[in-house]
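Student: need the 3D shape of this:
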Amino acid sequence: MTRSGSADLPLHYGQVPPWLAERMTRLGKVITETLVLEYGISGFLSRLSDPFWFQSLGCVMGMDWHSSGITTSVMGALKKALNPMASTLGIYVCGGRGKYSRETPAELQKLGMQTGLNADGLIRSSRLSAKVDSVAIQDGFQLYLHCFIVARNGEWVVVQQGMNSDSRTARRYHWHSDQLSSFIEAPHTAIYGPNQGSILNLTDSTAASTRKGILTVLDTDSAEVMKAATSGIGLVPGARASVGSALSGTMVGLPHLTMPAHHDVRSSDIHIKRLGAVLALAHEKQPMDFESLLLLEGVGPRTVQSLTLVSEVLHGTPSRFSDPARFSFAHGGKDGHPFPVPLDVYDQTVTVLEKALASAKLGREESASALKRLAGLSAQLEKGFKEEDRVQEWIQHEREESYKYGGMTVAGPAVPPKSLAMGPARPPKSLARSPARRHGPAQLSLF
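Tutor: Numbers count the residues shown, from 1 in each chain. This next block holds a predicted model:
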């Protein structure tokens, strides 16, 4: 995963409830540690710089699947989880929202004294990345969140977010030092969002003459500048014509993520075959030794569903994150979309991941390997899946069953459906014949 870029999100206000914030911290910690153990620190930072993966991480954590709050809550959870163990893990999270963003230089200075990292260089990178996204690129978004994540080897990632109060949208910007060659010429791999007309982009590769012209104006006597302005003669040959290249809209053809304004999860937000394969893997009849292969005694189908989606966040390829909303089917969302957060399932998922990580650190890879294979197994089942739109049926089933798993939203606990007197709800039927039966138990083995 080498791409970086930006994401546009509906602007939401509010707080993350303590019952979710605590769980997001635990899940963020175990996901990060597992990624570092499996792919190294650079592998984790590379993923963090990808707006699609970042959004999928926020969705699997139980945040509102499309909102601006994902950025604040995910980075807050990671800072709380990772900084206490920074000396051993080798990852440091600085900055945050509002006043905490302005503490970034002091945090980096302290980090430099503790680790020997070049604090002045890191502070310069932090300030330049913020200035580029707020000044050199004038797209109508004012930065209010700046997070600087740095590794023990000096590699860093910036995740920062701005808001446009007129359009009620937020834009998240991602930077990765591993891909950066210049702060002033095309420093991003992508900047993309809904077209809001021409924007001033002085970092465009064709705007070099414009930048030179600005410097010339700043270094010229004011009387001469006024004379040139009234006469229509440019101070720098070709600079006037080059201003047009600095005025541009979105950059087509580069990675981008734009989340919709609607709160409900719709079929158009999800790759239906991918989600169908996950649900079939979790809920349909599996080989008799499925649980023993996973080494997860007592883990039911609903937790397998969540574990499969978390496994994909851990081990999936970049193309698997084109529909972040699908990952909200792991732990729902705090606002009840697509369904209430199943606290019991959430807790069991985190416990399973923590136990697998602890075993892997001791050299016992069985559980971690079995969990890793879940993502591949889901992709395998997807190939033979017949696509039918039953997303709303699945969502309704999750809502009706939510009370059984400690379902919770910001409005309170989930309640049993009124139809409960008619008998217990059954899992929704598969989109087609059971992929488990079609492929056969031998191909479903995780070992």
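
Student: now the lengthiest helix in the chain: average pLDDT?
Tutor: Here the longest helix in the chain is taken by residue count, with DSSP state H as the criterion, and it is helix 18-48. If you average the pLDDT over helix 18-48, you get 97.

Student: what are the buried residues along it?
Tutor: By neighbour count with 16 or more other C-beta atoms under 10 Å, helix 18-48 contains the buried residues 20, 23-36, 41, 44-48. C-beta coordinates here come from the backbone N, C-alpha and C atoms, glycine included.

Student: residues in contact with stretch 47-58?
Tutor: Stretch 47-58 is touched from outside by 1, 3-7, 28, 31, 35, 65, 70-71, 73-74, 149, 157, 159, 172, 174-176, 179, 255-257, 259, 313, 318, 321-322, 324, 326-327, with contacts defined as C-beta atoms under 8 Å, 6 or more residues apart in numbering.

Student: pull the number of nearby residues for the nearest residue to Pro105 once chain neighbours are set aside.
Tutor: Using C-beta to C-beta, 6 or more residues apart in numbering and skipping residues adjacent in sequence, the residue nearest Pro105 is Ile123, 4.8 Å away. Here the count is done by other C-beta atoms under 10 Å, and Ile123 has 19 residues near it.

Student: for Ile123, helix, strand, or coil?
Tutor: The assignment at Ile123 comes out as helix when based on DSSP: H, G, I helix; E, B strand; the rest coil.

Student: that one contacts Leu108, correct?
Tutor: Yes - distance between Ile123 and Leu108: 5.1 Å, which falls inside the contact criterion (C-beta atoms under 8 Å).

Student: got the domain ranges for the protein?
Tutor: Per automatic domain parsing, the structural domains of the chain span 6-193, 198-248, 267-444.

Student: pLDDT weak spots in this protein?
Tutor: For the chain, applying pLDDT under 70 flags the ranges 1-3, 181-256, 285-298, 419-447.

Student: where along the stretch 301-447 of the chain do the helices fall?
Tutor: When secondary structure is read from DSSP state H, counting those that start in this stretch, the stretch 301-447 of the chain shows helices at 301-315, 328-331, 343-361, 366-383, 391-401, 435-439, 441-444.

Student: for the second one, C-alpha coordinates in CSV please.
Tutor: What follows is helix 328-331, C-alpha atoms only, in CSV (Å, rounded to 0.1, in the frame of the first residue of the first chain):
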residue,chain,number,x,y,z
SER,A,328,-19.5,-1.2,9.7
PHE,A,329,-21.1,-4.6,9.6
ALA,A,330,-18.4,-5.7,12.2
HIS,A,331,-19.6,-3.5,15.1
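
Student: now it: how far from the chain's centre is it?
Tutor: The gap between where helix 328-331 is centred and where its chain is centred comes out at 14 Å by C-alpha atoms, centre = their mean, to the nearest Å.

Student: next, the residue nearest to Arg97 when sequence neighbours are not counted: secondary structure please.
Tutor: Taking C-beta to C-beta, 6+ apart as the measure, Arg97 lies nearest to Leu145, with 4.5 Å between them; neighbours along the chain are not counted. The three-state label for Leu145, taken from three-state DSSP, comes out as strand.

Student: quick one: work out the angle between the longest helix of the chain and helix 366-383.
Tutor: Counting by axes from the mean of the first three to the mean of the last three C-alpha atoms, to 10 degrees, helix 18-48 lies at 80 degrees to helix 366-383.

Student: could you point out which element follows helix 18-48?
Tutor: Toward the C-terminus, helix 18-48 is succeeded by helix 51-60 as the next helix or strand (DSSP states H and E).
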